[in-house]
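**Student:** just to be clear, the model below is a prediction. Sequence and coordinates:
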Amino acid sequence: MAFKYPDIATQAISSILAEKRSSYNRSVDLSDVQEPITSAPPEVRCIIERVLQAEKDKLYMKNPRNINDDILRIVKEEIQ
């Protein structure tokens, strides 16, 4: 037995269940991505760059291990 829905019900259901588009600005400039790094103080910038490098070094691994330990070590070294 097939149910037949009126067009109004179908539209209501599809609008409720449909994915909504992001309201974020679509015209994002790629320089905005680097803004937190470039505007950070030198100490924080150094930490960010070292953490990014540590993550890049682990990319070749199938199961990267000890990245959290590496990040913790980097932060401790920069704080001292």
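**Tutor:** The structure has been received and is ready for your questions.
**Student:** okay, and for this structure, where does confidence drop off?
**Tutor:** 1-31 (pLDDT under 70).
**Student:** can you show me the helices along it?
**Tutor:** 7-17, 35-39, 42-58, 67-79 (DSSP state H).
**Student:** who's in contact with the shortest one?
**Tutor:** For helix 35-39, contacts defined as CB atoms under 8 Å, 6 or more residues apart in numbering pick out 45, 48, 49. From N, CA and C alone the C-beta is placed, and that goes for glycine too.
**Student:** can you add neighbour count and distance to residue 74 and give those back as CSV?
**Tutor:** Shown next, in CSV, are the contacts of helix 35-39 (neighbours: other CB atoms under 10 Å; distance: CB to CB, whole Å):
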residue, neighbour count, distance to residue 74
45, 14, 13
48, 14, 10
49, 13, 10
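**Student:** now render these as a markdown table, adding distance to residue 32.
**Tutor:** Output for the contacts of helix 35-39, formatted as a markdown table (distance: CB to CB, whole Å):
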| residue | distance to residue 32 |
| --- | --- |
| 45 | 17 |
| 48 | 16 |
| 49 | 18 |
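**Student:** how about residue 49: what's its closest non-neighbour residue?
**Tutor:** Among residues not flanking residue 49 along the chain, residue 37 sits closest, at 7.5 Å (CB to CB, 6 or more residues apart in numbering).
**Student:** any idea how far that neighbour lies from residue 68?
**Tutor:** 21 Å (CB to CB, to the nearest Å).
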